[in-house]
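S.K.: what follows is a predicted structure for the sequence shown.
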Amino acid sequence: MDSLSSGSKLYILKRSDSELAPARLSRDYAQELNPQQLEAVEVVEGPALVIAGAGSGKTRTLVYRVARLIDLGISPSNILLLTFTRKSAQEMLGRVGLLIGGRSQQVAGGTFHSVANALLRRHGRAIGLEPSFTILDRGDSEDLINLLRSQFGFNEMGKRFPRKHTIAEMFGKTVNTLGSLEDLVLNEYSHFSEYLTELMKLQEAYETAKRQRQLVDYDDLLMKLRELLRTDETARHNISQMFRYILVDEYQDTNRMQADLVRNLSATHNNVMVVGDDSQSIYAFRGATFRNIMEFPELFPGTQIYKLEENYRSTQPILQLANSILEGAPEKYSKTLFTRKVEGTRPSIVQAVGENAQSRFIAQKILELREEGIPLDEIAVLFRSSFHTFDLELELSRRNLPFVKRGGFKFIETAHVKDLLAYMRVIHNPLDSVSWNRLLLLVEGVGQKKAKDLIAALLNTTQPYDILKESTGRAGQGLRSLAAMLEGVTGEDIMTPPGLINDIMEYYLPILKDQYDDYPKRIRDLEHLSVMAERYHDLNEFLADLTLEPPNESVTDVEAPDRDDERLILSTIHSAKGLEWRCVFVIWLVDGRFPSAYSFLTPEELEEDRRLLYVAVTRAKQELFLTYPINVYDKMTGSVLSKPSRFLDEIPSSLMESWSLVDEDQRYDWRM
């Protein structure tokens, strides 16, 4: 028997709780789960890997396992649920609460980054981090890099020296892959290898600047937590003992850093369950690695593997095609998706003469589906790359078919929102040089040199507002007005986020109108930010949440459309993961586009494209169309694309309805 202490209570658990289950459990789990789900949910001790096929009830399995652990008497505060979005964690724990009541509120749940943020604010002093450190978002990180780049004169070295965005990507990737900048540059950015010395110097200066100003970028949160767990034995032991049961969602999307953190967080035990699908590992471009889920049993010896194969989304004909796509994968956890929805039409594979013929077919078919009573928002067109839909977008507009395309600037990345947050950040942390630089440049008469000189003075005094009030020259009046505003809001007794935004807005509104022609729309975005802030009473929490879990869309995109104004969905496959539609079109299934010509370079990239197709296919619930044009000239490669995707060659013809489009005066005759 094992003992687990939590505060003053002592829980005695048997490794096999089957004898106690009928007397102690509040629910009949066997009645509410299928046999494969139940087997995974009943795990208590030891490492476990749950391979959850598409649509197989992965979330339900996680929710019921958390509920059952608490049902067994394990303290909820000893359970950690790691997800990739805060919304996912909240929804899962909300569902746990519906099963067993309010005890679920004590479970620690959130993203890797939000959990790291909380732990570093509590234990970070051991590695030199004060609890009030500021989190830089990606834009702020790039701005700081650009400042240092200018100070070193690297921006004057010629056009080939990488820009701030590329440099930030390099620095972030070295963190998430646990690699060196030298190896990364030589292997992935060889065209910048002549600047390796300068890049390493810039990286060192970037780390020094953040350390001196108590700034932490998004990737630092994980790196600093890893440093804490590896260097402070007391902290590692205490944190690991606090989180005696760890669950990780979407493990196939983790990077090397996250896998290492899971190992260190469980330093005093092996009670780790990770849930994921190796066949849906499609985020290598973000630093995620397929190897993590394949090597989990090596990282945790004695791992028990469970498989969820019953699909609750798609019909059996669609699943048969999905299973067929995976058969050609050289490395995988074997599984066969099945469903009780045995009836259904076979997926259609449609060959078009050219790109415009493909577009006209899709538009015409969507109109037919709509006439059959299928709403537009239950139909999606999925594609590998954004440019694949340019011709289709024109055709949909010509047919007056409304659509929404996933993509564009995120709400938090818009200039006006970043401006307002910069004021809030310097109020929260007067040492935040990146935010100082942004808001100073909004003052008329302040350029890069003036801002640089002011920041140097501001960071070397305990009375920064006095520096601004004493300013003279063309920018003097503007700087004095800025000081008055900052001093006024800082002097308030209770500095709540919504009140702070309203006060800053009075000062910022004239600047907003002067800076942007479309200021009415931007004002609405800032009003939306103020509404979001009403949920917060603490400025630190508000700023941290906006950085760790930023909203994705502008207010004009999140307003509910009219009921009669449903819109067709156009989406990259990466953005569609986790979603589902009644009818799905997957387009441009031609060698060179899907798989991409770039994926031919390595077997690993080609296999990721195979998994990408599997993800696309498994988004469909009832109807699936795979389309491709032939004899299309590709300007980028200078070649004619005429071969259907090699992935289609591997699918037995018996699993699909094959059609060729014959265009006669733009009316289609489907011929086999």
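M.R.: Noted; the coordinates are in hand.
S.K.: only C-alpha atoms for contact and neighbour calcs from this point on.
M.R.: Noted.
S.K.: the closest residue to Leu321 other than its chain neighbours: what's it in contact with?
M.R.: Closest residue to Leu321 apart from its sequence neighbours, by Cα to Cα, 6 or more residues apart in numbering: Leu655 at 6.2 Å. Shown in contact with Leu655 (Cα atoms under 8 Å, 6 or more residues apart in numbering): Pro317, Gln320, Leu321, Arg346, Pro347.
S.K.: swap in Leu196?
M.R.: Counted by Cα under 8 Å, 6+ apart, Leu196 has contacts Glu182, Val185.
S.K.: rerun at 10 Å
M.R.: Leu181, Glu182, Val185, Leu186, Tyr189, Ser190, Leu202 (Cα atoms under 10 Å, 6 or more residues apart in numbering).
S.K.: from Gln90, how far off is the residue nearest the centre of the chain?
M.R.: Centroid-nearest residue in the chain: Phe84, 6.4 Å away (criterion: Cα atoms, centre = their mean). To Gln90, Phe84 is 11 Å away according to Cα to Cα, to the nearest Å.
S.K.: list residues touching both of these two?
M.R.: Gly110.
S.K.: give me the number of residues near His428?
M.R.: Using other Cα atoms under 10 Å, the number of residues around His428 comes to 18.
S.K.: likewise for Ala288?
M.R.: Ala288, neighbours per other Cα under 10 Å, totals 21.
S.K.: let me see the backbone angles for it.
M.R.: The phi and psi values for Ala288, taken as degrees, to the nearest 10, are phi -70, psi 150.
S.K.: next one: it from Leu178, what distance?
M.R.: Distance from Ala288 to Leu178, by Cα to Cα: 12 Å.
S.K.: then His428?
M.R.: 31 Å.
S.K.: likewise Pro131?
M.R.: Going from Pro131 to Leu178 by Cα to Cα gives 25 Å.
S.K.: same thing with Leu120?
M.R.: From Leu120 to Leu178 the distance is 20 Å (Cα to Cα).
S.K.: more neighbours: these two, which one.
M.R.: Leu120 (22 against 15).
S.K.: picking that back up, where does the closest residue to the residue nearest to the centre of the chain other than its chain neighbours land on pLDDT?
M.R.: Nearest non-adjacent residue to Phe84, counting by Cα to Cα, 6+ apart: Thr111, 5.1 Å away. With respect to pLDDT, Thr111 has a value of 92.
S.K.: now do the contacts for Thr111.
M.R.: Counting by Cα under 10 Å, 6+ apart, Thr111 has contacts 81-89, 117, 248-249, 548-549.
S.K.: how far away from the center of its chain is stretch 201-221?
M.R.: 23 Å (Cα atoms, centre = their mean, to the nearest Å).
S.K.: should've said stretch 386-396
M.R.: The answer for stretch 386-396 is 25 Å, by Cα atoms, centre = their mean.
S.K.: kindly report the same for stretch 504-517.
M.R.: The answer for stretch 504-517 is 31 Å, by Cα atoms, centre = their mean.
S.K.: what sits up against it?
M.R.: 415-416, 419-421, 423-424, 442-444, 481-482, 484-486, 488-489, 498-499, 501-502, 518-520, 522-523, 526-527, 530.
S.K.: derive a ChimeraX selection command for the buried subset of those residues.
M.R.: Typed into ChimeraX, the line below selects the buried ones among those, using 16 or more other Cα atoms under 10 Å:
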select :416,419,420,421,423,424,442,443,482,484,485,486,489,498,499,501,519,522,523,526,527,530
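S.K.: from the contacts of stretch 504-517, which land in helices?
M.R.: Applying DSSP state H to the contacts of stretch 504-517, the entries found in helices are 415-416, 419-421, 423-424, 481-482, 484-486, 488-489, 498-499, 501-502, 519-520, 522-523, 526-527, 530.
S.K.: OK, contacts around Phe296?
M.R.: If you count contacts by Cα under 10 Å, 6+ apart, then Phe296 has Pro47, Ala48, Leu49, Tyr251, Ala259, Arg263, Val274, Thr303 around it.
S.K.: just give me the closest of these to Arg230.
M.R.: Arg230 has its nearest neighbour among the contacts of Phe296 in Arg263, at 10.9 Å by Cα to Cα.
S.K.: tell me the contacts of that closest one?
M.R.: Ser240, His269, Asn270, Val272, Phe296, Leu299, Phe300.
S.K.: quick check: the two most widely separated of those?
M.R.: Ser240 and Phe296 (18.7 Å).
S.K.: now the lengthiest strand in the chain, how far from the centre of its chain.
M.R.: Assignment by DSSP state E gives strand 620-629 as the longest strand of the chain. With Cα atoms, centre = their mean as the basis, strand 620-629 stands 26 Å off its chain's centre.
S.K.: mind listing the strands it pairs with, and their directions?
M.R.: As defined by DSSP bridges, the strand partners of strand 620-629 come to strand 348-352 (parallel), strand 581-586 (parallel).
S.K.: may I have it as PDB, with CA atoms only?
M.R.: Presented in PDB, the C-alpha positions along strand 620-629 are these (Å, rounded to 0.1, in the frame of the first residue of the first chain):
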ATOM      1  CA  ALA A 620     -15.800  15.200 -41.500                       C
ATOM      2  CA  LYS A 621     -18.900  13.800 -39.800                       C
ATOM      3  CA  GLN A 622     -21.000  12.700 -42.800                       C
ATOM      4  CA  GLU A 623     -19.700  13.800 -46.100                       C
ATOM      5  CA  LEU A 624     -16.100  14.100 -47.400                       C
ATOM      6  CA  PHE A 625     -14.800  15.400 -50.700                       C
ATOM      7  CA  LEU A 626     -11.100  15.200 -51.700                       C
ATOM      8  CA  THR A 627     -10.400  17.400 -54.700                       C
ATOM      9  CA  TYR A 628      -7.400  18.100 -56.900                       C
ATOM     10  CA  PRO A 629      -6.700  20.000 -60.200                       C
END
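S.K.: now, the contacts of Thr111 that are in strands?
M.R.: Per DSSP E, the subset of the contacts of Thr111 in strands is Leu81, Leu82, Thr83, Val248.
S.K.: isn't the first one right up against Glu91?
M.R.: Right, Leu81. No: assessed by Cα atoms under 10 Å, Leu81 is found out of contact with Glu91, at 11.7 Å.
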